[in-house]
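J.: Give me the fold of what follows.
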Amino acid sequence: MGYDVHVFREPGGTPVSEKIRDILLNSKDEIHPLAESLLFSAARAQLVATRIRPLLEKGAIVILDRFFDSTTAYQGYGRQVIPVQDIEKLNALATQNLEPDLTIYLKIDPETAYMRRRKVRQEDRMERAGADFFKRVSAGFDALASREDRIVALDSSRSPEETFLAIMEYLEKRLPPL
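T.: Numbers count the residues shown, from 1 in each chain. Predicted coordinates for the structure are as follows:
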């Protein structure tokens, strides 16, 4: 459509953040939930400072596959060790109060998500957390979506192609023409 669009993954997107990603997802060691939250935040702080802010200042559109709502849902609601409000303070610090204009929450029940993941790849450290963990994460995303107007929940129990078309349809209605 003519927009300057940049896509990053989280954690990741910079050399430093990619190293942190490897620790978070592939470590065989136990990582305490507070340390896990701080590592996610460190990777995010690096990405925001060195890539996202400079691109936004140039008027680009930045798309992330995850952002701080994932940390709130996974580490706050899922791990249940750190109060959600503390996670939210950490998110604000890591992003220097940068908030997304829009968050698309791909809503799917944890069982269906698990079956899909099993078909395409080996589980990483986060994915081995168990069914109860993912039920809490899903409930956390639902709670965030119910209180944040910028979060749009889209049914992703459909095929990946149908889900993609639903996302594109939503974005085409929202983005102004150039």
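
J.: contacts and neighbour counts: CA atoms only from here.
T.: Fine.

J.: any idea what sits nearest Ser157, other than its immediate chain neighbours?
T.: Residue nearest to Ser157 in three dimensions, not counting chain neighbours: Ile108, with 5.4 Å by C-alpha to C-alpha, 6 or more residues apart in numbering.

J.: Correct me if wrong: that neighbour contacts Ala153.
T.: No - counting by C-alpha atoms under 8 Å, Ala153 is not a contact partner of Ile108; they are 9.7 Å apart.

J.: any idea how far the residue nearest to Ser157 is from Lys89?
T.: Distance, Ile108 to Lys89, using C-alpha to C-alpha, to the nearest Å: 27 Å.

J.: between these two, which one's more packed in?
T.: Ile108 (16 against 11; other C-alpha atoms under 10 Å).

J.: Next, the buried residues of the helix or strand Leu165 falls within.
T.: Using DSSP states H and E, Leu165 falls within helix 160-174. By 16 or more other C-alpha atoms under 10 Å, the buried positions in helix 160-174 come out as Thr163, Ala166, Ile167.

J.: got it, and stretch 152-160?
T.: Val152, Ala153, Leu154, Asp155, Ser156.

J.: After the top helix by length along the chain, which helix or strand is next?
T.: Counting residues, the longest helix in the chain under DSSP state H turns out to be helix 131-147. Sequence order places strand 151-155 as the next helix or strand after helix 131-147, per DSSP H and E.

J.: Report how many residues lie close to the residue nearest to Ser70 when sequence neighbours are not counted.
T.: Leaving aside its chain neighbours, Ser70 sits nearest to Phe141 (7.8 Å; criterion: C-alpha to C-alpha, 6+ apart). Per other C-alpha under 10 Å, the neighbour tally for Phe141 reads 23.
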